[in-house]
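Colleague: This is the structure alone, sequence omitted:
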RNA sequence: GCCCCCAUCGUCUAGUGGCCCAGGACGAAGCCCUCUCAAGGCUUAAACCGGGAUUCGAAUUCCCGUGGGGGCACCA
């Protein structure tokens, strides 16, 4: 690991919901910056006006903050290398495009979209690779300049060398050698005066002093182009790291944000904005995405500081990774068990409130040890602890009937239990459990039957945290009331 | 069609020529614990895509297949 501080950037387009892949790039960027004492930058790549979605930029910033990936520089925090929104940098790209035209590495192109489309069709018909046919590449520079001066519409294309090969170095894959003739004369500057990614990203990465470019492997195809652009400017290249892509859970095909069938189903989502609602924690999500594409040996439950400590771009993996929601569950549940009681209480409180429950903070803190290891997602607190905040519970009558018994028999047990509990001077679980256990012994019933009735009676549900501890928190009065109510239900069945 | 990338248990991965009859984690199965559900403990099943080559020796190097993925826009 280099000691030199790294400047990294995540550069999403505000074209839709922020998803897992963006979050992972940001995570790695963040980790590398922290590890080396450098800076992590957010840059918004909004040069395609037609695809920009209102609110998407905010969603990205909110998502990064939710994940705890606070950027040192960005549109809303500023920084010495701004502006951080590409539409605010038009002039910068324009002058750089001119530089390239002037040094012969780029040229104006006057071809109409119509003609281009026709050329493409013909090439396809001839089973050729669709590519720009180079009409304007061969224009006399003076004539081209004249036409530009005359106000003719034009774009600027990169003049890709026709001969030879380009060797581009990826940190994970080594040298990638491509024949130059395979690479098109890509558009650098569009009719609307805005740059394409190819120009904008290269210019910005250089101008912003980015030392390590981490990006998706979908950029591998244009990687040689990018390297040529950087070299045409005479700039030093950053370290290029092309990350593996995320595959659908099936492993068939790239994970797409347009694929709604898996975007949000069964309580899972690929969008960061949904994670909180679904009860996932930043710790769980970060841990999950961190390990898809990063080989950490052993101990793979890591918090942010442990990740920083261990992170290295050398241990990133180049192969595609299928996402696995079961693992998200695992990491989420594991991190929940690691939170302090106060922290966990604060985190689950909103879910109770969302459910319309009146949360008592004392009770909230008391139930934490009872429900903590049962939570996979934070919103599971409702299923395991909602009844603590209800005045009454309404058990399903059938659930009150113990296994192997009928309603009348179950009612008798409930009655006896009621009697035992009301005769007991104390009510804590230490006071209540022994006499009830003794009753189980002498009655010849099993604990499941007796405790099961009480569980359903007092909590209103078949599955709950440990019975006696729960009853203690519910309180003597409420418990007796609820058991009384259960007896009534059983007697009228 | 053309170009590029990738290839270890179902999944995420460790492994950089002998330490590997391949290790960990998730998931699965079983047992223990147990008032339900969990958690926890123990155990089991489960992989080096195929074929050549190099080498005393290959999961690890090279070549060829095959499979998967990505790209071939005035989108990023």
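Modeller: Looks like it came in fine. Please read these numbers as outputs of a predicted model, since none were measured by experiment. Residues are numbered from 1 along each chain as shown, chains lettered A, B, ... in the order given.
Colleague: Could you use CA atoms for every contact and neighbour count after this?
Modeller: Fine.
Colleague: show me where the stretch 1-150 of chain A has strands.
Modeller: Here the stretch 1-150 of chain A has its strands, by DSSP state E, counting those that start in this stretch, at A:7-10, A:39-42, A:106-109.
Colleague: Pick the most buried one from those strands.
Modeller: strand A:7-10 (a mean of 27; mean count of other C-alpha atoms under 10 Å).
Colleague: Let me know whether residue A:184 touches residue A:157 as I believe.
Modeller: No. The criterion here is C-alpha atoms under 8 Å, and residue A:184 misses it with residue A:157 at 9.4 Å.
Colleague: Mind checking which of those two has more residues around it?
Modeller: Neighbour totals were compared for residue A:184 and residue A:157, and residue A:157 leads with 26 against 21 (other C-alpha atoms under 10 Å).
Colleague: nearest spatial neighbour of that one, skipping sequence neighbours?
Modeller: Here the nearest residue to residue A:157 in space, its sequence neighbours aside, is residue A:187; by C-alpha to C-alpha, 6 or more residues apart in numbering that works out to 4.3 Å.
Colleague: Please tabulate the strands of the stretch 1-150 of chain A in CSV and include mean pLDDT as additional columns.
Modeller: Shown next, in CSV, are these (pLDDT from 0 to 100):
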stretch, mean pLDDT
strand A:7-10, 98
strand A:39-42, 98
strand A:106-109, 96
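Colleague: Looking at the ones you listed, which is nearest to RNA strand B?
Modeller: RNA strand B sits nearest to strand A:106-109 of all the strands of the stretch 1-150 of chain A, at 7.9 Å, using C-alpha to the nearest atom of the strand.
Colleague: For the closest one, name the packing helices and strands.
Modeller: helix A:90-102, helix A:141-149, strand A:155-158 (3 or more C-alpha pairs under 8 Å, 6 or more residues apart in numbering; DSSP states H and E).
Colleague: The ones you listed: which one's closest to residue A:368?
Modeller: helix A:90-102 (53.9 Å; C-alpha to C-alpha).
Colleague: So what's the gap between the closest one and the chain middle?
Modeller: Here helix A:90-102 is found 36 Å from its chain centre; the criterion is C-alpha atoms, centre = their mean, to the nearest Å.
Colleague: Equivalent analysis for stretch A:408-417, please.
Modeller: Worked out by C-alpha atoms, centre = their mean, stretch A:408-417 lies 51 Å from the chain centre.
Colleague: Do me a favour and average the pLDDT over it.
Modeller: Average pLDDT, stretch A:408-417: 94.
Colleague: Mind listing what's buried along that stretch?
Modeller: A:410-411, A:413-415, A:417 (16 or more other C-alpha atoms under 10 Å).
Colleague: Angles on the backbone of residue A:247, please.
Modeller: Backbone torsions of residue A:247, given as degrees, to the nearest 10, read phi -100, psi 160.
Colleague: Can you get me a residue count around the residue in the stretch 101-250 of chain A that RNA strand B sits nearest to?
Modeller: Taking C-alpha to the nearest atom of the strand, RNA strand B has its nearest neighbour within the stretch 101-250 of chain A at residue A:218, 3.2 Å off. Close neighbours of residue A:218, defined as other C-alpha under 10 Å, add up to 12.
Colleague: what residues are up against it?
Modeller: residue A:245 (C-alpha atoms under 8 Å, 6 or more residues apart in numbering).
Colleague: Which strands and helices lie in contact with the host helix or strand of residue A:433?
Modeller: For residue A:433, the host element (DSSP states H and E) is helix A:429-443. Judged by 3+ C-alpha pairs under 8 Å, 6+ apart, helix A:429-443 is in contact with helix A:407-423, helix A:447-459, helix A:467-474.
Colleague: Tell me the buried residues in the last one?
Modeller: Of the residues in helix A:467-474, A:467-474 count as buried by neighbour count, 16+ other C-alpha under 10 Å.
Colleague: Please report phi then psi for residue A:189.
Modeller: phi -130, psi 130.
Colleague: What is the neighbour count of residue A:100?
Modeller: Neighbours of residue A:100 (other C-alpha under 10 Å): 20.
Colleague: pLDDT and distance to residue A:41 added to the buried residues of helix A:467-474, as CSV?
Modeller: What follows is those, written out as CSV (pLDDT from 0 to 100; distance: C-alpha to C-alpha, whole Å):
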residue, pLDDT, distance to residue A:41
A:467, 96, 51
A:468, 96, 52
A:469, 96, 49
A:470, 97, 48
A:471, 96, 52
A:472, 96, 51
A:473, 96, 48
A:474, 96, 50
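Colleague: ok so, going back, make JSON lines from the strands of the stretch 1-150 of chain A and add distance to residue A:16 to it.
Modeller: Converted to JSON lines, these look like this (distance: least, C-alpha to C-alpha, whole Å):
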{"stretch": "strand A:7-10", "distance to residue A:16": "16"}
{"stretch": "strand A:39-42", "distance to residue A:16": "17"}
{"stretch": "strand A:106-109", "distance to residue A:16": "31"}
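Colleague: of all these, which lies closest to residue A:131?
Modeller: Across those, closest to residue A:131 is strand A:106-109 (C-alpha to C-alpha), at 14.0 Å.
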